[in-house]
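K.L.:
Got a sequence here, can you build the structure:
(one chain, ligands or ions: 1)
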Amino acid sequence: MASLSSITNSQTRCHFPLSKTRPTFHQLKKRSLSVNALLSKEIDQNIPQTVQRFWQWLKEEGVVSAKTPVKPGFVPEGLGLVATRDISRNDVVLEVPKRFWINPDAVAASEIGSICSGLKPWISVALFLLREKFKGDESKLKYYIDVLPEGTNSTIYWSEEELLEIQGTQLLSTTLGVKEYVQSEFLKVQEEIILPNKKLFPFTITSDDFFWAFGMLRSRAFSRLRNQNLVVIPFADLINHSAKVTTEDHAQEARGAAGLFSWDYVFQLRSPLSLKAGEQVFIQYDLKKSNADMALDYGFIEPNSDRDAFTLTLEISESDEFYADKLDIAESNGFGETAYFDIKYGQSLPTGMLLYLRLLALGGQDAFLLESIFRNKIWGFLELPISRANEELICRVIRKACESALSGYHTTIEEDEKLKEEGNMSARLEMAIGVRRGEKRVLQQIDEIFKERETELDFLEYYQERRLKDLGLVGEQGDIIFWEPK
Ligand SMILES: C[S@@+](CC[C@H](N)C(=O)[O-])C[C@H]1O[C@@H](n2cnc3c(N)ncnc32)[C@H](O)[C@@H]1O
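P.N.:
Numbering: from 1, shown residues only. Take a look at the predicted model:
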């Protein structure tokens with residue numbers, strides 16, 4: 001669903017103690033749970049007034065009608081959409097006309113359009129959302145804003161104590177990087193837009209407010225629509241995620257009825273699964289996201305290991321005597337000075353990773369391959385082992401990196417598993433344990449791959465041997481071929 005990865009995707013490692021400027025977490029709004037089987041056409045009376053008013057507003061605006069087969073309900077994931085009758089797979093469950101969409105176009109057409117025109121899209125939408133929130137009764141989106149939560153379990157809202165639970169993880173460094181980025185964007189927008197335009201922003205916007213808006217966009221915006229990279233769709237954004245859904249194409253823009261007599265673009269959501277009345281409608285937010293991404297963006301993770309991942313960052317060192325040649329080769333083959341490889345649990349190493357590693361480790365007697373006469377062929381050579389020394393160095397460096405990363409976590413996999421078995425923990429601690437266990441499992445998997453490779457070093461075929469074979473000077477069994485003079 002929301003894939004605001006373009007906002008930032010920092011891989012930088014940051015360290016404790018945390019910066020003191022960190023914003024504090026908004027308390028999650030307590031929204032009591034109630035039944036999820038909402039079979040009547042009217043909304044359940046146990047549901048808070050805010051949700052009832054929102055539903056009423058949607059009806060008055062013609063967004064929902066007797067034909068709409070879903071309505072808001074309280075579910076374990078917070079608010080969600082519940083089927084009011086049986087729904088077949090691919091049935092349209094809701095349509096929201098364009099005039100309700102919250103996106104950069106809506107900002108441009110609003111009172112703050114002219115002052116937001118040079119801003120990053122997400123910042124302009126965040127300001128718009130905040131302004132609507134502060135306008136209260138004056139806002140035409142009031143009933144929608146009233147049903148938005150005060151936060152999520154995203155790691156950007158975790159306390160210092162909670163963040164200690166993800167010590168040593170990539171999730172921690174990404175979280176701190178994102179927080180630093182959002183905070184600096186806030187200070188900039190405060191100075192350049194908010195404070196100089198008191199008439200348009202006649203209220204105080206704090207860093208916590210800005211983080212709230214960022215978290216809402218990150219967890220609720222749809223990003224894969226045609227022409228729409230960042231759009232929040234009231235009502236549609238009540239839909240929750242389920243791992244049971246394995247397809248992603250549930251949302252689309254279509255021409256449809258935007259009122260009793262008008263037609264416009266509508267955002268259309270289809271159910272990926274067939275459902276019985278009373279069941280919750282789910283979608284798949286993003287198949288590609290790791291559990292760490294899910295924790296940061298949405299504030300929940302999946303329990304299975306499919307989303308366990310670790311990003312390996314490899315870099316051509318400027319102090320490498322062959323820096324310029326290696327960089328040239330990397331760049332000619334779609335890489336750069338730094339390369340990021342997302343390694344997933346249970347999957348083979350990403351394409352290009354071994355080649356990039358062999359390039360990084362190239363030196364000594366193999367350095368002749370860096371000469372310009374080999375420039376067009378070198379990437380092909382790197383597909384297979386170059387020399388024992390090269391392959392051995394790769395194994396050593398990677399295994400050492402895994403060992404060092406593994407030593408940065410404050411618990412072992414076994415300890416995490418024991419804690420998990422004991423159960424009875426907060427959602428955030430459960431996420432922390434899941435992510436740190438997942439990262440360690442991937443690191444162990446990487447270590448295993450290179451450990452096994454170390455045992456094969458004597459049996460691999462290297463560049464020189466292949467070359468001699470190509471020239472017909474070595475037989476398939478490695479025997480030297482002699483020529484008898486005729
Ligand atoms: C697009 S909103 C969905 C509506 C939301 N449940 C609400 O109460 O407003 C996304 C947020 O819903 C929650 N959510 C969605 N799917 C979930 C899941 N499978 N497990 C836990 N929380 C989920 C998370 O807080 C997430 O950030």
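
K.L.:
Could you list the residues in contact with stretch 398-412?
P.N.:
Outside stretch 398-412, the residues that touch it by C-beta atoms under 8 Å, 6 or more residues apart in numbering are 164, 167-169, 310, 312, 357, 419, 436, 439-440, 443-444, 446-447, 450-451, 454. Yep, even glycine has a C-beta here, placed from its N, CA and C like the rest.

K.L.:
What's the PyMOL syntax to select whichever of those are buried?
P.N.:
Only the buried entries of the contacts of stretch 398-412 go into this PyMOL selection, using 16 or more other C-beta atoms under 10 Å:
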select buried, resi 168+169+310+312+357+419+436+439+440+443+444+446+447+450
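
K.L.:
In helices only, show me the contacts of stretch 398-412.
P.N.:
164, 357, 419, 436, 439-440, 443-444, 446-447, 450-451, 454 (DSSP state H).

K.L.:
Out of those residues, flag the one nearest to the ligand.
P.N.:
Comparing the ones in helices among the contacts of stretch 398-412 against the ligand with C-beta to the nearest ligand atom places residue 436 closest, at 18.8 Å.

K.L.:
ok, that closest one touching residue 415?
P.N.:
No - using C-beta atoms under 8 Å, residue 436 is not in contact with residue 415; the gap is 9.9 Å.

K.L.:
re earlier: any chance of the ones in helices among the contacts of stretch 398-412 in TSV, plus distance to residue 281 and pLDDT?
P.N.:
Putting these into TSV (distance: C-beta to C-beta, whole Å; pLDDT from 0 to 100) gives the following:
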residue	distance to residue 281	pLDDT
164	37	98
357	45	98
419	33	96
436	32	98
439	32	98
440	35	98
443	37	98
444	38	98
446	38	98
447	42	98
450	45	98
451	46	98
454	51	98
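
K.L.:
okay, these in CSV with distance to the ligand next?
P.N.:
Output for the ones in helices among the contacts of stretch 398-412, formatted as CSV (distance: C-beta to the nearest ligand atom, whole Å):
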residue, distance to the ligand
164, 22
357, 37
419, 20
436, 19
439, 20
440, 23
443, 26
444, 27
446, 28
447, 31
450, 35
451, 36
454, 41
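
K.L.:
which parts of the stretch 101-250 of the chain sit against the ligand?
P.N.:
Contact residues (C-beta under 6 Å from any ligand atom) of the stretch 101-250 of the chain with the ligand: 149, 152, 219-220, 237-242.

K.L.:
Pick out the most distant pair among the residues you listed.
P.N.:
149 and 242 (18.8 Å; C-beta to C-beta).

K.L.:
which residues do residue 436 and residue 415 both contact?
P.N.:
Joint contacts of residue 436 and residue 415 (C-beta under 8 Å, 6+ apart) do not exist.

K.L.:
Kindly list the single helix or strand of the chain that scores lowest on mean pLDDT.
P.N.:
Ranked by mean pLDDT, DSSP states H and E, the helix or strand of the chain with the weakest confidence is strand 251-257, at a mean of 84.

K.L.:
Quick one: low-confidence residue ranges for the stretch 1-150 of the chain.
P.N.:
Under the criterion pLDDT under 70, the flagged ranges of the stretch 1-150 of the chain are 1-43.

K.L.:
and the residue of it nearest the ligand?
P.N.:
residue 78 (2.7 Å).

K.L.:
Tell me the backbone dihedrals of that residue, please.
P.N.:
phi 110, psi -130 (degrees, to the nearest 10).

K.L.:
picking up where we left off before, filter the residues of the stretch 101-250 of the chain next to the ligand down to just the ones in helices.
P.N.:
Filtering these for helices - DSSP H - leaves 219-220.

K.L.:
in the stretch 201-350 of the chain, which spans are strands?
P.N.:
240-241, 251-257, 263-270, 280-283, 309-315, 338-344 (DSSP state E, counting those that start in this stretch).

K.L.:
domain assignment for the protein?
P.N.:
Listed domain ranges for the chain are 49-283, 303-470 (source: automatic domain parsing).

K.L.:
centre of the chain versus the longest one, how much separation?
P.N.:
Looking back up the chat, that one is domain 49-283. Relative to its chain's centre, domain 49-283 lies at 17 Å (C-alpha atoms, centre = their mean, to the nearest Å).

K.L.:
Show the end-to-end separation of that domain, please.
P.N.:
26 Å (C-alpha to C-alpha, to the nearest Å).

K.L.:
What of the last one?
P.N.:
Taking C-alpha to C-alpha, the span from the opening residue of domain 303-470 to its closing residue is 50 Å.

K.L.:
Could you do stretch 366-384 as well?
P.N.:
14 Å.

K.L.:
Repeat that for stretch 255-266.
P.N.:
6 Å.

K.L.:
So which of the domains of the chain is the most surrounded?
P.N.:
domain 49-283 (a mean of 18; mean count of other C-beta atoms under 10 Å).

K.L.:
which secondary structure elements does the helix or strand harbouring residue 114 contact?
P.N.:
Assigned by DSSP states H and E, residue 114 belongs to helix 113-116. Counting contacts by 3 or more C-beta pairs under 8 Å, 6 or more residues apart in numbering; DSSP states H and E, helix 113-116 packs against helix 104-108, helix 121-135.

K.L.:
And the residue positioned nearest the centre of the chain, how far from the ligand?
P.N.:
Nearest to the mean C-alpha position of the chain, by C-alpha atoms, centre = their mean, lies residue 293 at 3.6 Å. Look at residue 293 and the ligand: by C-beta to the nearest ligand atom, to the nearest Å, they are 12 Å apart.

K.L.:
Get me the contact residues on the stretch 251-400 of the chain for the ligand.
P.N.:
Counting by C-beta under 6 Å from any ligand atom, the residues of the stretch 251-400 of the chain that sit close to the ligand are 298-300.

K.L.:
Could you dump the residues you listed into a markdown table with distance to residue 177 and pLDDT added?
P.N.:
Converted to a markdown table, those look like this (distance: C-beta to C-beta, whole Å; pLDDT from 0 to 100):
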| residue | distance to residue 177 | pLDDT |
| --- | --- | --- |
| 298 | 18 | 98 |
| 299 | 17 | 98 |
| 300 | 21 | 98 |
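
K.L.:
what helix or strand is residue 72 on?
P.N.:
Secondary structure (DSSP H and E) places residue 72 in strand 70-75.

K.L.:
Residue 389 - nearest residue in space that isn't next to it in sequence?
P.N.:
residue 364 (6.1 Å; C-beta to C-beta, 6 or more residues apart in numbering).

K.L.:
doesn't residue 386 make contact with that neighbour?
P.N.:
No - Residue 364 lies out of contact with residue 386 (C-beta under 8 Å); the separation is 10.5 Å.

K.L.:
Residue 52: which element?
P.N.:
Counting by DSSP H and E, residue 52 is found in helix 49-60.

K.L.:
Equivalent analysis for residue 469, please.
P.N.:
Judged by DSSP H and E, residue 469 forms part of helix 463-470.

K.L.:
Could I get the average pLDDT for that helix?
P.N.:
Averaging pLDDT along helix 463-470 gives 90.

K.L.:
Show me how far that helix is from its chain's centre.
P.N.:
44 Å.

K.L.:
likewise stretch 295-304?
P.N.:
That offset, for stretch 295-304, works out to 9 Å (C-alpha atoms, centre = their mean).

K.L.:
From start to finish, how long is that stretch in a straight line?
P.N.:
Start-to-end span of stretch 295-304 (C-alpha to C-alpha) is 14 Å.

K.L.:
Good, wrapping up.
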